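Enquirer: would you be able to build a 3D model of this:
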Amino acid sequence: MAVRRKTTAPAPSPPPPKAETPLPPPPSEDQPLRPPKLGLVLAALVAFTVPYLYLICFHYEIESDLRRSIAINAAMSVGGFVVVVRLIPVAAKYVLRRNLFGFDINKKGTPEGNIRVPESLGIVVGVVFLVVAILFQHFNFTADSNWLVEYNAALASICFMLLLGFVDDVLDIPWRVYPSSVFVGDTYTYFAGMSLAVAGILGHFSETLLLFFLPQVLNFLYSLPQLLKIIPCPRHRLPRYDPKTGLLTGTKDGTLVNLFLRLFGSCSEKTLCIKLLVFQALSCLFCFWLRHVLAGWYK
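Expert: Here you go, the predicted structure:
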């Protein structure tokens, strides 16, 4: 009698390997920048220049030498803008190769959060500004001009603050995270602040200049409880970013940005930027009116 052999069940085949979620590609060293919105810049230039040209050409009687200086200044400013637009992509590639970059903290967890943001690009704007200012000095001042000493003192102050801001950017680079395509850094902040300060001091309108900083003054006063450690102050007081909707939500931190988001609701970075710029423009118009009202009472 034959013995029936027990049939063995075939060995189960191993499960197919799970498809790995592809990781976002590492950012390249030469991350392309968004092209500048030259059409919008040109429209803004025409909108602000046409009334100004009407005032200096037809409304007010201005000396020919002053008109010549204004024309030279306008032409050199436009040329400086074109040079800056050309140089920023070149400088961005260079600073990326030197590891001067940060990441967008508002895009954490998304592919955009892995993009390296070039740092310290305010040095481009500052250097071009200094070159344009020196060339303007060559065309509009003589050796015995009374303004020459003050003009050179202003240039020296701006140059020192520009270099100080660049040093500050280089020393603090490990902590740089911010929402931007490129970041001007403390280089531009110090340079722009000193440029406005010397303009207000030498032009004898420092009080009026302070009025134009109304949003910045309000932001400082609103931030005082956190700056004085009365309320806990985190390192970054940015709004909260929702990767699903792409909107920003205001936090309890004391900044004008968070206050706008809590008052007007969540919105995108672009919409928030436009709202803040509109608020800045309205504040300047209000300060113009306030300066006009106070003109007969104060100075």
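Enquirer: output the contacting helices and strands for the helix or strand where Val82 lies.
Expert: Per DSSP states H and E: Val82 is located in helix 64-97. If you count contacts as 3 or more Cβ pairs under 8 Å, 6 or more residues apart in numbering; DSSP states H and E, helix 64-97 packs onto helix 38-54, strand 117-118, helix 122-140. Placement of C-beta: from N, CA and C, glycine included.
Enquirer: pick the most buried one from these.
Expert: Ranked by mean neighbour count, these are led by strand 117-118 with a mean of 24 (mean count of other Cβ atoms under 10 Å).
Enquirer: how far is the helix or strand following the helix holding Val82 from where the chain is centred?
Expert: Next along the chain after helix 64-97, taking DSSP H and E as the criterion, comes strand 101-102. Computed by Cα atoms, centre = their mean, to the nearest Å, the chain-centroid distance of strand 101-102 equals 15 Å.
Enquirer: average model confidence for strand 101-102?
Expert: The pLDDT scores in strand 101-102 average 77.
Enquirer: for it, packing partners?
Expert: strand 117-118.
Enquirer: direction included, what does the strand it packs on pair against?
Expert: Partners of strand 117-118 in the sheet, by DSSP bridges, are strand 101-102 (antiparallel).
Enquirer: low-confidence stretches in the stretch 101-250 of the chain?
Expert: Low-confidence segments of the stretch 101-250 of the chain (pLDDT under 70): 142-144, 171-186.
Enquirer: strands of the protein, residue ranges please.
Expert: Using DSSP state E, the strands of the chain run over residues 101-102, 117-118, 240-242, 247-249.
Enquirer: which other residues reach the third one?
Expert: The set of residues that contact strand 240-242 without belonging to it, under Cβ atoms under 8 Å, 6 or more residues apart in numbering, is Asn106, Lys107, Lys108, Leu247, Leu248, Thr249, Gly250, Thr251, Ser266.
Enquirer: so what's the residue count around the third one?
Expert: Yep, that's Lys108 we're talking about. By other Cβ atoms under 10 Å, 13 other residues sit near Lys108.
Enquirer: same check on the fourth one?
Expert: Residue crowding around Leu247 was assessed by other Cβ under 10 Å; the count is 18.
Enquirer: dump the residue contacts of it.
Expert: Contacts for Leu247 (Cβ under 8 Å, 6+ apart) come out as Tyr241, Ser266, Cys267, Ser268.
Enquirer: buried ones among these?
Expert: Buried subset of the contacts of Leu247 (neighbour count, 16 or more other Cβ atoms under 10 Å): Tyr241, Ser266, Cys267.
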